[in-house]
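Engineer: Following is a predicted model, sequence given first.
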Amino acid sequence: MSAAAAEANLGVTPVREGFAFDVMALERWMADHVEGFAGPIRVEQFRGGQSNPTYKLATAERTYVLRRKPGGQLLQGAHAVDREARVLVGLEKANFPVAHVYGVCTDETVIGSWFYVMEMVEGRIFWDATLPEVDRASRPAYFEAMNATMAALHQVDYAAVGLGDYGRPGNYFARQIARWSRQYLEDEAAGRNPHMDWLVAWLPEHVPDDGDETAIVHGDFRIDNMIFHPTEPRILAVLDWELSTLGHPLADFTYNAMMYRMPPHIVAGLGGADLAGLNLPTEADYLAAYCRRTGRSGMPGYGFYLAFNFFRLAAIFHGIKGRVLRGAAASAQAAERAEAFPELARLAWVQAMGASA
(Lines give C-alpha, C1' and ligand atoms only; values in the text may rest on other atoms or scores of the structure.)
Protein backbone atom coordinates (compact mmCIF):
# COMPACT_ATOMS: atom_id res chain seq x y z
CA MET A 1 0.00 0.00 0.00
CA SER A 2 1.35 3.42 -0.86
CA ALA A 3 2.01 6.01 1.83
CA ALA A 4 -0.94 7.99 0.49
CA ALA A 5 -3.26 5.00 0.73
CA ALA A 6 -2.06 4.21 4.26
CA GLU A 7 -2.63 7.82 5.27
CA ALA A 8 -6.15 7.61 3.84
CA ASN A 9 -6.92 4.77 6.29
CA LEU A 10 -5.71 6.65 9.37
CA GLY A 11 -7.81 8.53 11.86
CA VAL A 12 -11.42 9.61 11.80
CA THR A 13 -13.52 11.99 9.79
CA PRO A 14 -17.04 13.39 10.16
CA VAL A 15 -19.57 10.73 9.17
CA ARG A 16 -19.55 10.55 5.39
CA GLU A 17 -22.59 11.16 3.24
CA GLY A 18 -24.75 8.04 3.05
CA PHE A 19 -23.27 6.52 6.25
CA ALA A 20 -25.20 8.44 8.93
CA PHE A 21 -27.66 6.77 11.29
CA ASP A 22 -30.05 7.67 14.13
CA VAL A 23 -27.65 8.42 17.01
CA MET A 24 -30.45 8.76 19.57
CA ALA A 25 -31.73 5.30 18.65
CA LEU A 26 -28.21 3.92 19.14
CA GLU A 27 -27.95 5.66 22.54
CA ARG A 28 -31.22 4.03 23.64
CA TRP A 29 -29.98 0.61 22.51
CA MET A 30 -26.63 1.04 24.27
CA ALA A 31 -28.33 2.16 27.49
CA ASP A 32 -30.24 -1.15 27.45
CA HIS A 33 -27.42 -3.46 26.29
CA VAL A 34 -24.01 -2.02 27.22
CA GLU A 35 -23.10 -2.16 30.88
CA GLY A 36 -21.86 1.16 32.25
CA PHE A 37 -22.89 3.16 29.19
CA ALA A 38 -23.81 6.81 29.67
CA GLY A 39 -24.50 9.13 26.76
CA PRO A 40 -24.51 11.36 24.89
CA ILE A 41 -22.38 9.99 22.03
CA ARG A 42 -20.23 11.96 19.62
CA VAL A 43 -19.94 9.92 16.40
CA GLU A 44 -17.09 10.02 13.89
CA GLN A 45 -16.25 7.59 11.10
CA PHE A 46 -12.93 5.79 10.72
CA ARG A 47 -11.29 6.38 7.36
CA GLY A 48 -10.56 2.65 7.03
CA GLY A 49 -13.09 -0.15 7.48
CA GLN A 50 -14.60 0.33 4.05
CA SER A 51 -16.05 -3.20 3.82
CA ASN A 52 -17.97 -2.84 7.07
CA PRO A 53 -18.34 0.85 7.96
CA THR A 54 -16.63 1.53 11.28
CA TYR A 55 -17.36 4.38 13.69
CA LYS A 56 -15.79 5.92 16.78
CA LEU A 57 -18.32 6.53 19.54
CA ALA A 58 -17.01 8.98 22.15
CA THR A 59 -18.74 9.60 25.48
CA ALA A 60 -17.60 11.52 28.55
CA GLU A 61 -16.42 8.31 30.24
CA ARG A 62 -15.41 5.89 27.51
CA THR A 63 -14.77 5.49 23.79
CA TYR A 64 -16.30 2.63 21.79
CA VAL A 65 -16.06 1.32 18.23
CA LEU A 66 -19.13 0.37 16.18
CA ARG A 67 -18.93 -1.94 13.15
CA ARG A 68 -22.04 -2.27 10.99
CA LYS A 69 -23.17 -3.89 7.79
CA PRO A 70 -23.27 -1.45 4.87
CA GLY A 71 -26.59 -0.49 3.41
CA GLY A 72 -28.08 -1.77 0.15
CA GLN A 73 -28.20 -5.23 -1.41
CA LEU A 74 -25.46 -7.52 -0.09
CA LEU A 75 -24.11 -10.87 -1.22
CA GLN A 76 -25.36 -13.74 0.92
CA GLY A 77 -22.96 -14.30 3.82
CA ALA A 78 -20.99 -11.11 3.13
CA HIS A 79 -20.38 -8.39 5.73
CA ALA A 80 -21.31 -10.78 8.56
CA VAL A 81 -20.67 -8.49 11.52
CA ASP A 82 -22.39 -10.95 13.85
CA ARG A 83 -19.80 -13.54 12.81
CA GLU A 84 -16.95 -11.08 13.45
CA ALA A 85 -18.32 -10.41 16.93
CA ARG A 86 -18.66 -14.13 17.60
CA VAL A 87 -14.99 -14.90 16.93
CA LEU A 88 -13.93 -11.93 19.10
CA VAL A 89 -16.04 -13.21 21.99
CA GLY A 90 -14.64 -16.73 21.61
CA LEU A 91 -11.02 -15.60 21.40
CA GLU A 92 -11.35 -13.35 24.44
CA LYS A 93 -12.29 -16.47 26.42
CA ALA A 94 -8.93 -17.93 25.35
CA ASN A 95 -7.09 -14.76 26.52
CA PHE A 96 -6.12 -14.01 22.92
CA PRO A 97 -5.57 -10.27 22.27
CA VAL A 98 -8.80 -8.93 20.77
CA ALA A 99 -11.09 -6.01 21.52
CA HIS A 100 -13.84 -6.75 24.04
CA VAL A 101 -17.34 -6.92 22.51
CA TYR A 102 -19.99 -5.08 24.52
CA GLY A 103 -23.00 -6.09 22.47
CA VAL A 104 -24.39 -7.25 19.12
CA CYS A 105 -27.59 -5.98 17.51
CA THR A 106 -29.40 -7.95 14.79
CA ASP A 107 -32.45 -5.69 14.82
CA GLU A 108 -32.26 -3.61 11.63
CA THR A 109 -34.83 -1.14 12.93
CA VAL A 110 -32.34 0.37 15.42
CA ILE A 111 -29.85 2.03 13.01
CA GLY A 112 -30.80 0.41 9.69
CA SER A 113 -28.44 -2.59 9.69
CA TRP A 114 -26.88 -5.16 12.01
CA PHE A 115 -23.96 -3.92 14.12
CA TYR A 116 -21.80 -4.61 17.12
CA VAL A 117 -20.11 -2.37 19.67
CA MET A 118 -16.63 -3.14 20.97
CA GLU A 119 -13.86 -1.65 23.03
CA MET A 120 -11.68 1.09 21.55
CA VAL A 121 -8.11 -0.20 21.91
CA GLU A 122 -5.53 2.59 21.97
CA GLY A 123 -2.08 1.85 20.60
CA ARG A 124 0.08 1.88 17.46
CA ILE A 125 -0.65 0.50 14.00
CA PHE A 126 2.35 0.06 11.71
CA TRP A 127 1.64 0.53 8.02
CA ASP A 128 5.25 -0.15 7.00
CA ALA A 129 6.66 -3.61 7.83
CA THR A 130 10.20 -2.19 8.08
CA LEU A 131 9.07 -0.42 11.28
CA PRO A 132 10.74 2.96 10.65
CA GLU A 133 9.07 4.34 13.80
CA VAL A 134 10.84 1.77 16.03
CA ASP A 135 14.49 1.98 17.06
CA ARG A 136 16.72 -0.56 15.34
CA ALA A 137 17.54 -2.59 18.45
CA SER A 138 13.87 -3.12 19.32
CA ARG A 139 12.62 -4.27 15.91
CA PRO A 140 13.20 -8.04 16.35
CA ALA A 141 10.95 -8.03 19.43
CA TYR A 142 8.03 -6.72 17.37
CA PHE A 143 8.42 -9.56 14.88
CA GLU A 144 8.69 -12.01 17.78
CA ALA A 145 5.41 -10.66 19.17
CA MET A 146 3.68 -11.02 15.80
CA ASN A 147 5.01 -14.57 15.33
CA ALA A 148 4.07 -15.63 18.87
CA THR A 149 0.58 -14.16 18.53
CA MET A 150 -0.05 -16.11 15.33
CA ALA A 151 1.25 -19.33 16.91
CA ALA A 152 -1.03 -18.74 19.91
CA LEU A 153 -4.05 -18.24 17.64
CA HIS A 154 -3.46 -21.57 15.92
CA GLN A 155 -3.27 -23.37 19.25
CA VAL A 156 -6.59 -22.09 20.60
CA ASP A 157 -8.99 -24.97 21.33
CA TYR A 158 -11.73 -23.60 19.08
CA ALA A 159 -14.37 -26.07 20.29
CA ALA A 160 -13.74 -25.16 23.93
CA VAL A 161 -14.41 -21.45 23.25
CA GLY A 162 -17.66 -22.09 21.38
CA LEU A 163 -16.30 -21.98 17.82
CA GLY A 164 -16.54 -25.65 16.89
CA ASP A 165 -18.98 -24.81 14.08
CA TYR A 166 -17.22 -21.61 12.93
CA GLY A 167 -16.23 -23.25 9.64
CA ARG A 168 -15.93 -26.59 7.89
CA PRO A 169 -12.96 -28.59 9.17
CA GLY A 170 -10.79 -30.37 6.61
CA ASN A 171 -10.18 -30.03 2.86
CA TYR A 172 -9.37 -26.36 3.32
CA PHE A 173 -7.04 -25.87 0.35
CA ALA A 174 -9.30 -27.67 -2.14
CA ARG A 175 -12.29 -25.57 -1.07
CA GLN A 176 -10.37 -22.29 -1.08
CA ILE A 177 -8.74 -22.91 -4.46
CA ALA A 178 -12.13 -23.75 -5.94
CA ARG A 179 -13.74 -20.67 -4.41
CA TRP A 180 -11.16 -18.15 -5.58
CA SER A 181 -10.76 -19.81 -8.99
CA ARG A 182 -14.51 -19.58 -9.52
CA GLN A 183 -14.60 -15.93 -8.47
CA TYR A 184 -11.72 -15.14 -10.82
CA LEU A 185 -13.21 -16.99 -13.79
CA GLU A 186 -16.71 -15.56 -13.34
CA ASP A 187 -15.68 -11.89 -13.20
CA GLU A 188 -15.65 -11.17 -16.91
CA ALA A 189 -15.34 -7.40 -16.44
CA ALA A 190 -11.87 -7.74 -14.92
CA GLY A 191 -10.64 -10.00 -17.73
CA ARG A 192 -8.30 -12.98 -17.76
CA ASN A 193 -4.61 -13.23 -16.93
CA PRO A 194 -2.26 -15.96 -18.22
CA HIS A 195 -0.56 -16.45 -14.85
CA MET A 196 -3.92 -16.83 -13.08
CA ASP A 197 -5.19 -19.22 -15.73
CA TRP A 198 -2.08 -21.37 -15.23
CA LEU A 199 -2.46 -21.31 -11.42
CA VAL A 200 -6.14 -22.30 -11.58
CA ALA A 201 -4.97 -25.53 -13.23
CA TRP A 202 -1.73 -26.02 -11.24
CA LEU A 203 -2.83 -25.44 -7.64
CA PRO A 204 -5.41 -28.26 -7.24
CA GLU A 205 -2.84 -30.78 -8.49
CA HIS A 206 -0.13 -29.78 -6.01
CA VAL A 207 -1.79 -29.56 -2.57
CA PRO A 208 0.74 -31.03 -0.09
CA ASP A 209 -0.20 -34.29 1.59
CA ASP A 210 0.87 -33.18 5.05
CA GLY A 211 -2.19 -33.83 7.19
CA ASP A 212 -5.48 -31.99 7.29
CA GLU A 213 -5.04 -29.71 10.29
CA THR A 214 -7.75 -27.36 11.47
CA ALA A 215 -7.41 -24.19 13.54
CA ILE A 216 -8.98 -20.77 13.81
CA VAL A 217 -7.43 -18.80 10.95
CA HIS A 218 -7.53 -15.02 10.70
CA GLY A 219 -7.32 -14.83 6.91
CA ASP A 220 -5.63 -11.41 6.72
CA PHE A 221 -2.91 -11.55 9.39
CA ARG A 222 -0.69 -8.60 8.45
CA ILE A 223 1.28 -6.22 10.63
CA ASP A 224 -1.15 -3.40 9.79
CA ASN A 225 -4.06 -5.43 11.20
CA MET A 226 -2.64 -5.32 14.73
CA ILE A 227 -2.66 -2.73 17.47
CA PHE A 228 0.63 -2.68 19.36
CA HIS A 229 1.15 -1.28 22.83
CA PRO A 230 1.98 2.47 22.72
CA THR A 231 5.60 1.88 23.82
CA GLU A 232 6.22 -1.88 24.10
CA PRO A 233 6.64 -4.71 21.54
CA ARG A 234 3.34 -6.24 22.61
CA ILE A 235 0.15 -6.80 20.61
CA LEU A 236 -2.94 -5.48 22.39
CA ALA A 237 -5.49 -6.48 19.75
CA VAL A 238 -5.65 -8.20 16.38
CA LEU A 239 -8.14 -6.44 14.09
CA ASP A 240 -10.26 -7.22 11.02
CA TRP A 241 -11.64 -10.75 11.44
CA GLU A 242 -13.91 -10.56 8.40
CA LEU A 243 -12.10 -13.42 6.58
CA SER A 244 -11.66 -15.63 9.66
CA THR A 245 -12.90 -19.22 9.71
CA LEU A 246 -11.78 -22.72 10.64
CA GLY A 247 -8.99 -23.55 8.22
CA HIS A 248 -5.45 -24.78 7.78
CA PRO A 249 -3.00 -22.98 10.10
CA LEU A 250 -0.14 -23.16 7.58
CA ALA A 251 -2.21 -21.22 5.04
CA ASP A 252 -2.66 -18.53 7.69
CA PHE A 253 1.00 -18.47 8.73
CA THR A 254 2.28 -18.25 5.16
CA TYR A 255 -0.12 -15.41 4.40
CA ASN A 256 1.69 -13.52 7.15
CA ALA A 257 5.15 -14.71 5.99
CA MET A 258 4.28 -13.57 2.45
CA MET A 259 5.43 -10.12 3.62
CA TYR A 260 9.02 -11.22 2.99
CA ARG A 261 8.31 -11.51 -0.76
CA MET A 262 5.70 -8.76 -1.04
CA PRO A 263 6.61 -5.43 -2.68
CA PRO A 264 5.81 -2.71 -0.13
CA HIS A 265 3.75 -0.69 -2.61
CA ILE A 266 1.09 -3.45 -2.72
CA VAL A 267 0.52 -4.20 0.98
CA ALA A 268 2.82 -3.94 4.02
CA GLY A 269 5.76 -5.91 2.68
CA LEU A 270 9.51 -6.43 2.96
CA GLY A 271 10.26 -7.28 -0.66
CA GLY A 272 13.67 -5.82 -1.53
CA ALA A 273 14.35 -4.60 2.03
CA ASP A 274 17.82 -4.84 3.62
CA LEU A 275 16.81 -7.09 6.53
CA ALA A 276 20.26 -7.17 8.11
CA GLY A 277 20.60 -3.40 7.89
CA LEU A 278 17.15 -2.96 9.41
CA ASN A 279 17.86 -5.60 12.09
CA LEU A 280 14.81 -7.65 11.10
CA PRO A 281 14.67 -11.47 11.23
CA THR A 282 15.20 -13.35 7.99
CA GLU A 283 12.36 -15.29 6.39
CA ALA A 284 14.05 -18.57 7.39
CA ASP A 285 14.37 -17.43 11.01
CA TYR A 286 10.75 -16.27 11.10
CA LEU A 287 9.60 -19.62 9.74
CA ALA A 288 11.78 -21.52 12.22
CA ALA A 289 10.38 -19.50 15.13
CA TYR A 290 6.79 -20.38 14.18
CA CYS A 291 7.70 -24.05 13.76
CA ARG A 292 9.38 -24.06 17.18
CA ARG A 293 6.37 -22.45 18.83
CA THR A 294 3.92 -24.91 17.25
CA GLY A 295 6.03 -28.04 17.70
CA ARG A 296 6.88 -28.59 14.02
CA SER A 297 10.12 -29.96 12.66
CA GLY A 298 9.69 -27.93 9.46
CA MET A 299 7.24 -26.96 6.73
CA PRO A 300 7.87 -29.04 3.57
CA GLY A 301 4.97 -27.49 1.65
CA TYR A 302 6.06 -23.89 2.30
CA GLY A 303 6.50 -23.00 -1.38
CA PHE A 304 3.01 -24.24 -2.28
CA TYR A 305 1.45 -22.34 0.62
CA LEU A 306 3.10 -19.12 -0.56
CA ALA A 307 1.89 -19.70 -4.14
CA PHE A 308 -1.63 -20.33 -2.83
CA ASN A 309 -1.63 -17.12 -0.77
CA PHE A 310 -0.31 -14.93 -3.58
CA PHE A 311 -2.97 -16.48 -5.84
CA ARG A 312 -5.70 -15.87 -3.26
CA LEU A 313 -4.68 -12.25 -2.79
CA ALA A 314 -4.44 -11.78 -6.57
CA ALA A 315 -7.98 -13.16 -6.89
CA ILE A 316 -9.18 -10.66 -4.29
CA PHE A 317 -7.46 -7.81 -6.18
CA HIS A 318 -8.98 -9.13 -9.43
CA GLY A 319 -12.41 -8.79 -7.81
CA ILE A 320 -11.55 -5.23 -6.78
CA LYS A 321 -10.48 -4.53 -10.37
CA GLY A 322 -13.87 -5.75 -11.58
CA ARG A 323 -15.67 -3.48 -9.13
CA VAL A 324 -13.54 -0.50 -10.21
CA LEU A 325 -14.33 -1.16 -13.88
CA ARG A 326 -18.03 -1.50 -13.10
CA GLY A 327 -17.95 1.78 -11.17
CA ALA A 328 -18.75 0.06 -7.85
CA ALA A 329 -15.43 0.94 -6.13
CA ALA A 330 -14.22 4.48 -6.51
CA SER A 331 -11.62 4.87 -3.74
CA ALA A 332 -7.95 5.58 -4.50
CA GLN A 333 -7.01 2.41 -2.61
CA ALA A 334 -9.33 0.30 -4.81
CA ALA A 335 -7.79 1.78 -7.96
CA GLU A 336 -4.25 1.08 -6.66
CA ARG A 337 -5.14 -2.53 -5.90
CA ALA A 338 -6.74 -3.04 -9.30
CA GLU A 339 -3.55 -1.74 -10.90
CA ALA A 340 -1.42 -4.12 -8.78
CA PHE A 341 -3.37 -7.24 -9.81
CA PRO A 342 -1.12 -8.34 -12.74
CA GLU A 343 2.00 -7.97 -10.57
CA LEU A 344 0.45 -10.10 -7.83
CA ALA A 345 -0.62 -12.76 -10.34
CA ARG A 346 2.93 -12.95 -11.66
CA LEU A 347 4.33 -13.19 -8.12
CA ALA A 348 1.95 -16.10 -7.43
CA TRP A 349 3.24 -17.84 -10.55
CA VAL A 350 6.85 -17.23 -9.47
CA GLN A 351 6.19 -18.91 -6.11
CA ALA A 352 4.60 -21.88 -7.87
CA MET A 353 7.59 -22.18 -10.17
CA GLY A 354 9.85 -22.20 -7.12
CA ALA A 355 7.72 -24.84 -5.41
CA SER A 356 7.88 -27.02 -8.55
CA ALA A 357 11.66 -26.77 -8.90
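Structural biologist: Cool, the structure landed. If you're wondering where the values come from, they're calculated on a predicted model, not measured in any experiment.
Engineer: Check the burial of the nearest residue to residue 216 once chain neighbours are set aside by counting its neighbours.
Structural biologist: Among residues not flanking residue 216 along the chain, residue 158 sits closest, at 5.0 Å (Cβ to Cβ, 6 or more residues apart in numbering). C-beta here means a position set from N, CA and C on the backbone, and glycine is covered the same way. Neighbours of residue 158 under the rule other Cβ atoms under 10 Å: 22.
Engineer: Quick check: residue 158 touching residue 217?
Structural biologist: No - in this structure, residue 158 is not within contact of residue 217 by Cβ atoms under 8 Å, at 10.0 Å.
Engineer: Now do the shared contacts for these two.
Structural biologist: Common neighbours of residue 158 and residue 217, using Cβ atoms under 8 Å, 6 or more residues apart in numbering, are residue 246.
Engineer: So this structure: which segments form each domain?
Structural biologist: Using automatic domain parsing, the domain parsing of the chain gives 3-119, 136-356.
Engineer: just for the stretch 251-357 of the chain, where's the confidence low?
Structural biologist: Along the stretch 251-357 of the chain, segments meeting pLDDT under 70 span 329-331, 357.
Engineer: try the chain
Structural biologist: Judged by pLDDT under 70, the stretches of the chain that qualify are 1-10, 48-51, 71-79, 210-211, 329-331, 357.
Engineer: Can you show me the strands along it?
Structural biologist: Taking DSSP state E to define them, one finds strands in the chain at 12-13, 42-46, 54-58, 63-68, 101-105, 115-119, 215-217, 226-228, 235-238, 245-247.
Engineer: What is the longest one packed up against?
Structural biologist: The reference is to strand 63-68. In this structure, strand 63-68 makes packing contacts with strand 54-58, helix 81-93, strand 115-119, judged by 3 or more Cβ pairs under 8 Å, 6 or more residues apart in numbering; DSSP states H and E.
Engineer: List the pairing partners of it within its sheet, with orientation.
Structural biologist: strand 54-58 (antiparallel), strand 115-119 (antiparallel) (DSSP bridges).
Engineer: between those strands, which one is nearest to residue 80?
Structural biologist: strand 115-119 (10.7 Å; Cβ to Cβ).
Engineer: Excluding residues flanking it in the chain, which one is nearest the spatially most central residue of the chain?
Structural biologist: In the chain, the centroid-proximal residue (Cα atoms, centre = their mean) is residue 220; its distance is 2.8 Å. Distance criterion Cβ to Cβ, 6+ apart; nearest residue to residue 220, sequence neighbours excluded, is residue 243 at 5.1 Å.
Engineer: correct me, but that neighbour touches residue 216?
Structural biologist: No - using Cβ under 8 Å, residue 243 makes no contact with residue 216, being 11.7 Å away.
Engineer: So between the two, which is more surrounded?
Structural biologist: A side-by-side neighbour count of residue 243 and residue 216, using other Cβ under 10 Å, places residue 216 first with 27 against 17.
Engineer: do you know how far the more buried one is from residue 238?
Structural biologist: With distances taken as Cβ to Cβ, to the nearest Å, residue 216 is found 11 Å from residue 238.
Engineer: Identify the contacts common to these two.
Structural biologist: Joint contacts of residue 216 and residue 238 (Cβ under 8 Å, 6+ apart) are residue 153.
Engineer: Can you give me the neighbour number for residue 126?
Structural biologist: Neighbour tally, residue 126, other Cβ under 10 Å: 20.
Engineer: Same check on the one 5 residues further on?
Structural biologist: Using other Cβ under 10 Å as the criterion, residue 131 is surrounded by 20 other residues.
Engineer: contacting residues for it?
Structural biologist: If a contact means Cβ under 8 Å, 6+ apart, then residue 131 has 139, 142, 278, 280 as its contacts.
Engineer: Understood, closing this out.
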